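Asker: okay, sequence plus prediction incoming.
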Amino acid sequence: MDFTTLASGSTGNCYIVSSGNSKLMLECGIPIKKIKAGCGYRLHQMAACLITHEHQDHCKAAQDILAAGIDIYCSQGTAQACGISGYRVHIIKAREQFNIGPWAILPFEVQHDAAEPLGFLISDGSEKLLFATDTYYLRHTFTGLTKIALECNYALDTLDANIVSGYVEESRRSRLLASHMSLEQCKKTLAANDLSQVRQIYLLHLSAQNADAERFKREVQRLTGREVYIAG
């Protein structure tokens, strides 16, 4: 299983998971032209697109994805908030597994300021990917993981220093604490899960203002002993 980042962050998110001849798109929060270019102009190879929630940096191109003939899988709350419907929109529910071709996908609840946000546990039969972004913590733990793609948005000490200096508004602090995962919580989440088979960890959705990519990579590598990559 391969995990590729087309975009990650508050300006847009889009990822491709590949296994054999099958590919899944995770999020479509960048313009369709950029998605097409990132896919090598082979959108027809996408088995489906999974969307976690309705914020524009995760679903901006949803209508264009549907128009391109690609099915979208998301929660009822996400579909309604995105304004998408039709036979290509498949409503899924947390903790109800479904299949798309060779993929077995288990959605689960995450904690974010959105209508009905989800994370995904994705298996191709030989590998298992945990994908969770835009959530300030995970209430579930998982076993048998081989890859983890997890939000690591900000470091609390950096955020507080930026507030003191006036670089970040105080009002943003409470919103971040209740909607996005910090470095500290990311490390706790990784420590709580079974990493015995994990090969790669991808850190997602780093803040442009409150994150230090090299620090985040170094600290997660030290904690886990695994290959760590910054998505971006």
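Answerer: It's in.
Asker: how about the longest helix seen in the chain: buried residues?
Answerer: In the chain, with assignment by DSSP state H, the single longest helix is helix 213-224. Neighbour counts over helix 213-224 (16 or more other Cβ atoms under 10 Å) mark 216-217, 219-220, 223-224 as buried. Just so you know, the C-beta spots here come from the backbone N, C-alpha and C atoms, and that holds for glycine as well.
Asker: okay, those residues in a markdown table with pLDDT and distance to G9 next?
Answerer: Output for those, formatted as a markdown table (pLDDT from 0 to 100; distance: Cβ to Cβ, whole Å):
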| residue | pLDDT | distance to G9 |
| --- | --- | --- |
| F216 | 98 | 13 |
| K217 | 98 | 16 |
| E219 | 98 | 19 |
| V220 | 98 | 17 |
| L223 | 98 | 23 |
| T224 | 98 | 22 |
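Asker: re the thing from before, would you put the C-alpha positions of the longest helix of the chain in PDB?
Answerer: The C-alpha atoms that make up helix 213-224 are tabulated as PDB, following Å, rounded to 0.1, in the frame of the first residue of the first chain:
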ATOM      1  CA  ALA A 213       8.100  20.200  10.900                       C
ATOM      2  CA  GLU A 214      11.600  19.100  11.800                       C
ATOM      3  CA  ARG A 215      10.800  19.200  15.500                       C
ATOM      4  CA  PHE A 216       7.600  17.200  15.000                       C
ATOM      5  CA  LYS A 217       9.400  14.600  12.900                       C
ATOM      6  CA  ARG A 218      12.200  14.300  15.400                       C
ATOM      7  CA  GLU A 219      10.000  13.900  18.400                       C
ATOM      8  CA  VAL A 220       7.700  11.300  16.800                       C
ATOM      9  CA  GLN A 221      10.600   9.300  15.500                       C
ATOM     10  CA  ARG A 222      12.200   9.300  19.000                       C
ATOM     11  CA  LEU A 223       8.900   8.100  20.500                       C
ATOM     12  CA  THR A 224       8.000   5.400  18.000                       C
END
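Asker: what helices or strands is that helix leaning on?
Answerer: Other helices and strands packing on helix 213-224, by 3 or more Cβ pairs under 8 Å, 6 or more residues apart in numbering; DSSP states H and E, are helix 183-192, strand 200-204, strand 227-230.
Asker: other residues contacting the lowest-mean-pLDDT helix or strand in the chain?
Answerer: Of all the helices and strands that make up the chain, helix 171-177 has the lowest average by mean pLDDT, DSSP states H and E, namely a mean of 91. Among residues not part of helix 171-177, those counted as contacts by Cβ atoms under 8 Å, 6 or more residues apart in numbering are 113, 136, 153-154, 159-160, 163, 182, 210.
Asker: distance between the longest helix of the chain and the chain's centre?
Answerer: Relative to its parent chain, helix 213-224 has a centroid offset of 19 Å by Cα atoms, centre = their mean, to the nearest Å.
Asker: that one vs strand 200-204, what angle?
Answerer: Calculated by axes from the mean of the first three to the mean of the last three Cα atoms, to 10 degrees, helix 213-224 forms an angle of 140 degrees with strand 200-204.
Asker: got a list of contacts for helix 213-224?
Answerer: Contact with helix 213-224 is made by 152, 155, 183, 186-187, 190-191, 195, 198, 201, 203, 206, 226-230, 232, as judged by Cβ under 8 Å, 6+ apart.
Asker: quick one, helices of this structure?
Answerer: If DSSP H is used as the criterion, the helices of the chain fall at 32-38, 56-59, 62-67, 76-82, 156-165, 171-177, 183-192, 213-224.
Asker: export the first one as PDB, just CAs?
Answerer: Once side chains and other backbone atoms are set aside, the C-alpha atoms of helix 32-38 remain, and they are given as PDB (Å, rounded to 0.1, in the frame of the first residue of the first chain):
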ATOM      1  CA  ILE A  32      -9.900  19.900  -9.500                       C
ATOM      2  CA  LYS A  33      -7.100  21.100 -11.800                       C
ATOM      3  CA  LYS A  34      -4.500  20.400  -9.100                       C
ATOM      4  CA  ILE A  35      -6.100  17.000  -8.400                       C
ATOM      5  CA  LYS A  36      -5.900  16.000 -12.000                       C
ATOM      6  CA  ALA A  37      -2.300  17.100 -12.300                       C
ATOM      7  CA  GLY A  38      -1.400  15.300  -9.100                       C
END
